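**Q** structure, please.
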Amino acid sequence: MLKSWLSSLLPARSNTSQRERLRASAGALLGLALTSLAAHYLLGDQAIWLVAPMGATAVLLFCLPASPLAQPWSVIGGNVVSGLVGAACVQYAGSGPLAAALATPLAIAAMFALRCLHPPGGATALMAVIGGPAIHAMGFGFALGPVLLDSVLMVLAAIAYNNLTGRRYPHAQQAAHPNPHATRDEVPTVRFGFQPEDLDAVLRQYNQVLDISRDDLESLFLKTEERAYQRRFGIITCGDIMSKDVVTAEFATPLADAWREMRRHRVAAVPVLNRVRRVIGIVTTSDFMTHGGLDDYHGMRRQLKEFLRPSGTTHSEKPEVVGQIMVKHPRTARVDTPITELVPLMADAGFHHIPILDHEDRFAGIVTQSDVVAALYARNALSASASPTQSSYRAA
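**A** The predicted structure is shown next:
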């Protein structure tokens with residue numbers, strides 16, 4: 001019984017990989033080392049050049065860079081404001097137990113008010129009170145000197161290290177599902193399942209500080225829905241539904257030839273490949289219209305003919321080949337990518353054609369919106385037709 005109770009007090013096992021743990025530890029080492037050396041050089045013989053709360057700040061910056069508590073304003077504002085509060089407590093209440101008891105609660109209130117909540121700030125406020133004569137002699141200079149300098153240096157180190165190691169930082173709030181058609185409608189995937197308003201209402205009811213941003217929380221919910229859908233209907237990969245016999249072009253393919261092939265095969269997009277069949281771009285009918293000045297429908301037939309007609313010169317400002325109008329570095333997927341991962345790209349981001357790559361990053365086929373719709377419809381129809389039989393079997 002006691003063992004079970006003690007086990008319940010332990011946190012759940014971390015899902016963090018060993019590589020991520022090493023990345024975070026190395027980041028803290030580099031961040032603190034650079035901050036320590038730079039602060040010691042800039043502050044010279046000053047007694048205090050690295051404040052202890054920077055150790056806790058390092059945990060947030062390098063282990064939890066996506067946390068709202070680890071963003072630049074939270075780090076710099078939270079530490080400096082807390083240092084100022086602690087110094088004020090010393091000035092007006094001395095350095096005894098009363099000032100020590102007041103410093104951290106007042107710092108928390110100030111950080112909440114200024115939207116810069118940062119847990120190490122509580123330690124910064126307390127350090128200003130109990131740090132001894134050297135810190136007391138600095139007064140408000142403690143917050144505006146070593147605390148401010150250390151915080152800025154740590155944030156700069158975190159920006160460089162996290163981005164170099166594949167972690168977005170600062171982790172700014174993302175715009176929620178922008179509509180690619182510039183209308184007020186919600187994007188299709190948001191029109192079913194939970195709505196952003198539902199998440200906001202639940203967060204208001206929860207009424208506690210979360211160590212995760214709202215957009216990350218919403219993204220996790222959507223990924224969870226996606227995995228649940230895959231489990232329910234089975235995993236269909238891009239390799240299962242892609243078209244393999246695909247019309248393609250090269251960079252130097254004349255525009256007239258590419259347009260003629262697109263019209264003959266009745267396709268709206270052509271992947272552009274290099275000599276080793278790697279995707280370097282994609283050209284669509286929309287690209288022909290945009291570069292051909294066909295937004296005005298009057299005289300479209302004449303304008304299209306002029307756009308496709310070769311200039312006959314070696315130097316021309318008019319595009320002559322596919323490579324000059326293609327979209328470079330298009331969004332791609334792999335043959336083993338589940339098609340449910342393509343739904344947000346096609347429904348929300350406006351991608352209509354996605355080139356598919358094999359395990360050597362070579363072009364293998366293409367998936368269109370029609371392919372995805374047909375596959376999902378077929379799987380749903382199969383599940384619906386199987387349900388009555390399964391029910392009858394269980395009843396028997």
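
**Q** what about the protein, any weak spots by pLDDT?
**A** Low-confidence segments of the chain (pLDDT under 70): 1, 173-195, 229-234, 293-308, 311-317, 380-396.

**Q** now the strands: where do they sit in it?
**A** Under the criterion DSSP state E, strands of the chain are mapped to 269-273, 279-284, 327-328, 333-334, 353-357, 363-368.

**Q** wait, which of the ones you listed is closest to T35?
**A** strand 327-328 (39.6 Å; Cβ to Cβ). From N, CA and C alone the C-beta is placed, and that goes for glycine too.

**Q** outline the domain layout of this structure.
**A** By the assignment in automatic domain parsing, the chain contains the domains 17-164, 189-232, 239-379.

**Q** pick the most deeply packed of these.
**A** The highest mean neighbour count among the domains of the chain, using mean count of other Cβ atoms under 10 Å, belongs to domain 17-164: a mean of 19.

**Q** centre of the chain to that one, how far?
**A** Counting by Cα atoms, centre = their mean, to the nearest Å, domain 17-164 is centred 27 Å from the centre of its parent chain.

**Q** mind giving me CSV with the domains of the chain and columns for distance to L10?
**A** Shown next, in CSV, are the domains of the chain (distance: least, Cβ to Cβ, whole Å):
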stretch, distance to L10
domain 17-164, 18
domain 189-232, 19
domain 239-379, 35
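
**Q** which residues does S25 contact?
**A** F62 (Cβ atoms under 8 Å, 6 or more residues apart in numbering).

**Q** contacts only, for the residue nearest in space to the middle of the chain.
**A** When Cα atoms, centre = their mean is applied to the chain, the residue found nearest the centroid is R168 (6.8 Å). Counting by Cβ under 8 Å, 6+ apart, R168 makes contact with 65-66, 162.

**Q** from these, pick the one nearest L42.
**A** So of the contacts of R168, ranked by how close each gets to L42 (Cβ to Cβ), first place is N162, at 23.3 Å.

**Q** residue contacts, that closest one?
**A** 27, 61-62, 65, 168-169.

**Q** which residue ranges of the stretch 251-396 of the chain form helices?
**A** With helices called from DSSP state H, counting those that start in this stretch, the stretch 251-396 of the chain shows them at 255-265, 285-291, 300-308, 342-347, 369-395.

**Q** actually the stretch 1-150 of the chain, not the one I wrote
**A** Counting by DSSP H, counting those that start in this stretch, the helices of the stretch 1-150 of the chain are 2-9, 18-43, 54-63, 72-93, 97-113, 120-130, 133-138, 141-142, 148-164.

**Q** how about the ones you listed in a markdown table, adding distance to T224?
**A** Formatted as a markdown table, these follow (distance: least, Cβ to Cβ, whole Å):
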| stretch | distance to T224 |
| --- | --- |
| helix 2-9 | 25 |
| helix 18-43 | 20 |
| helix 54-63 | 23 |
| helix 72-93 | 27 |
| helix 97-113 | 30 |
| helix 120-130 | 32 |
| helix 133-138 | 47 |
| helix 141-142 | 46 |
| helix 148-164 | 25 |
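
**Q** so which of the ones you listed gets nearest S213?
**A** Closest to S213 of the helices of the stretch 1-150 of the chain is helix 72-93 (Cβ to Cβ; 11.4 Å).

**Q** quick one on the thing from earlier: for the contacts of R168, which one is nearest A99?
**A** P65 (33.8 Å).

**Q** surely that closest one touches R167?
**A** Yes - using Cβ atoms under 8 Å, P65 is in contact with R167, at 5.0 Å.

**Q** quick one on the thing from earlier: for G55, find the nearest of the strands of the chain.
**A** strand 333-334 (41.7 Å).

**Q** show me what the closest one is packed up against.
**A** strand 353-357 (3 or more Cβ pairs under 8 Å, 6 or more residues apart in numbering; DSSP states H and E).

**Q** each with direction, which strands does the strand it packs on pair with?
**A** strand 333-334 (parallel), strand 363-368 (antiparallel) (DSSP bridges).

**Q** any idea how far the first one is from the chain center?
**A** Right, the one you point to is strand 333-334. Its chain's C-alpha centre and that of strand 333-334 lie 19 Å apart, by Cα atoms, centre = their mean.

**Q** what residues does that strand touch?
**A** 238, 341-342, 354-359, 367.

**Q** before we move on, what about the last one?
**A** If you take Cβ under 8 Å, 6+ apart as the criterion, strand 363-368 is touched by 238-239, 241-244, 246, 248, 269, 271, 273, 277-279, 333, 335, 339, 342, 352-358.

**Q** re the thing from before, compare the domains of the chain and report which one is nearest to S4.
**A** With Cβ to Cβ as the measure, domain 189-232 is the member of the domains of the chain nearest S4 (27.0 Å).

**Q** what separates that closest one from the chain centre, distance-wise?
**A** That offset, for domain 189-232, works out to 15 Å (Cα atoms, centre = their mean).

**Q** so G31 touches A158, yeah?
**A** Yes - counting by Cβ under 8 Å, A158 is a contact partner of G31 at 6.2 Å.

**Q** so what sits against both of the two?
**A** 61-62.

**Q** quick check: the closest residue to Y169 other than its chain neighbours vs M54, distance?
**A** Leaving aside its sequence neighbours, Y169 sits nearest to N162 (Cβ to Cβ, 6 or more residues apart in numbering; 3.8 Å). N162 sits 16 Å away from M54 when distances are taken as Cβ to Cβ, to the nearest Å.
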